[in-house]
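**Student:** Prediction below, plus the sequence it came from.
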Amino acid sequence: VQLQAFGGGLVQAGGSLRLSCTASGSISKIRSMGWHRQPPGKQREFLATITTGGITNYADSVKGRVTISRDNAKNTVYLQMDSLRPEDTAVYYCVADWQSYGIEKDFWGQGTLVTVSS
């Protein structure tokens with residue numbers, strides 16, 4: 001599975017940004033896709049996931065400001081981020097939870113940088 005993330009950039013505080021992540025390869029075994037982020041000097045943290053059936057889960061830290069969605073026809077998952085804050089500055093990674101014949105593996109995208117200016 002290959003994941004390609006797009007949409008990062010520079011945005012002012014209070015603004016919005018939408019990230020997208022397209023999966024290719026052995027995508028039929030993907031159970032869910034999600035987003036994590038890694039702020040400068042900090043550990044990577046979970047943001048949100050969405051299953052193939054559309055069930056979503058969010059980290060409390062971003063709940064209400066972030067919406068995850070997916071377009072199964074395009075094999076793409078989106079992360080809509082609103083009311084952005086400087087502390088949202090981070091490299092954002094998409095991840096796919098892949099399972100087949102008892103083997104489970106996470107595939108990660110290359111990351112896309114989001115910078116929120118104050």
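**Tutor:** Structure received.
**Student:** Could you identify the longest strand within this protein?
**Tutor:** The longest strand of the chain (DSSP state E) is strand 90-100.
**Student:** Please spell out which residues along that strand are buried.
**Tutor:** By neighbour count on 16 or more other Cβ atoms under 10 Å, the buried set for strand 90-100 is Ala90, Val91, Tyr92, Tyr93, Cys94, Val95, Ala96, Asp97, Trp98. To be clear about C-beta, it is placed using only N, CA and C from the backbone, and glycine gets the same treatment.
**Student:** now it: how far from the chain's centre is it?
**Tutor:** 7 Å (Cα atoms, centre = their mean, to the nearest Å).
**Student:** Work out for me the element the residue nearest to the spatial centre of the chain sits within.
**Tutor:** By Cα atoms, centre = their mean, the chain has its centre lying nearest to Trp35, at 2.4 Å. Following DSSP states H and E, one finds Trp35 within strand 30-38.
**Student:** Give the pairing partners of the helix or strand that comes right after that strand; include direction for each.
**Tutor:** Later in the chain than strand 30-38, the nearest helix or strand by DSSP H and E is strand 45-51. Its sheet considered, strand 45-51 pairs with strand 30-38 (antiparallel), strand 56-58 (antiparallel) by DSSP bridges.
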